[in-house]
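In: sequence and predicted model, in that order:
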Amino acid sequence: MALNLDGSYEQIKFHDYESVLLYNNTQYETYVPHWHASTEIIMPVKGDYTIICNGTNYYLKERDILIIAPGTVHSIPACHGQRYIFLADFFHYIKSDCFSTIQAALSPVTLINGNTLPEIHDTCAQLISSCAEEYFGENRFRETAVFHFLVQLFLLVGRTLSDESAVFHDISPDKKRHYTEAFSSVCEYIHQHYAENLCVDTAASMTGFSKYHFLRLFKQFAGDTFYHYVNAQRIYHACLLLSDPEKNITEVAMSCGFHSISSFLRIFKLQKGCTPTEFRRIHNTTNTSITLPASD
């Protein structure tokens, strides 16, 4: 099946399914560095598989799972075997703060195997297999079934990654619940207001903690500093805007909350390993096609 690359931006065209594509990939094919606005899920079925994301190699064995967030530059060397490759865009259709938080937790890459998330690995692999069975089957309402299994997958991973028992140690269960709700609200606020002037004092006041206490607890909750988390959200949205060739770099920066083009360029390079122009890679070239393996 042919999909378009506009520079390095892969234009995903969904067909029978509104927001999901699944390839039963068996071809020995190299995929050049590219990115897209869809979430990608890869699970080898037979043989190992290597994916390079933002310059880091991820080696997948059978039933290992890699979730690649939108806007993440990745490439795939040619490998023998069989693997499922999902491209899912349903986050766009689910207007939920919960799913915004889950998507942020998955960025830029989440590896699920017996070492990283052993408690949910088998269940996640089974959910993906169930998705494939429905996708290639002839059952009625199979699109709804695929959607159902994928939502289950993301909920399970999201809950595991944000498990309140893994953070806020040495405090009572009631306080853990209160802290989790407070910092979840802050993260949701960031997702909604990333383009605005977000300061730590405002965020701290939402929780009732002092600035110092807030910064410490936020990192414990989100696994990241407040400033890096905010910038990661801004860069994520900047990546999506860069798919529009009509938007210049300055416009993208200002639309995502950066008031200085130099700050935008510096932070973008730090997080993505390349400049926005390199990331876009459109220049004056016309669209070219690469062939992805058709569903077997």
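Out: Here it is on my side, so go on.
In: helices along the chain, start to end?
Out: Ranges of helices within the chain are 97-106, 118-135, 142-161, 173-193, 200-207, 211-222, 226-241, 249-255, 261-272, 276-280, based on DSSP state H.
In: now do the shortest one: everything it contacts.
Out: Right, helix 276-280. 7-9, 35, 73, 238-239, 242, 245, 249, 252, 264-265, 268, 272 (Cβ atoms under 8 Å, 6 or more residues apart in numbering). Where C-beta positions appear, they are placed from N, C-alpha and C, glycine not excepted.
In: hmm, try it at 7 Å
Out: Under the contact criterion Cβ atoms under 7 Å, 6 or more residues apart in numbering, helix 276-280 has outside partners 7, 73, 239, 242, 249, 252, 265, 268, 272.
In: for it, buried residues please.
Out: With burial defined by 16 or more other Cβ atoms under 10 Å, the residues of helix 276-280 counted as buried are 276, 279-280.
In: what's residue 52 in contact with, if anything?
Out: Residue 52 sits next to 74-75 when contact means Cβ under 7 Å, 6+ apart.
In: go again using 10 Å as the cut-off
Out: Counting by Cβ atoms under 10 Å, 6 or more residues apart in numbering, residue 52 touches 31, 33, 58, 73-77.
In: same check, this time on residue 234
Out: Residue 234 makes contact with 190, 194-195, 198, 253, 255-258, 264, 267-268, 271 under the criterion Cβ under 10 Å, 6+ apart.
In: which non-adjacent residue is nearest it?
Out: For residue 234, ignoring the flanking residues on the chain, the nearest one in space by Cβ to Cβ, 6 or more residues apart in numbering is residue 256 at 4.4 Å.
In: to residue 46, which of the helices of the chain lies closest?
Out: helix 118-135 (12.9 Å; Cβ to Cβ).
In: go ahead and confirm the residue nearest to residue 234 touches residue 194.
Out: Yes: under the criterion of Cβ atoms under 10 Å, residue 256 makes contact with residue 194 at 6.7 Å.
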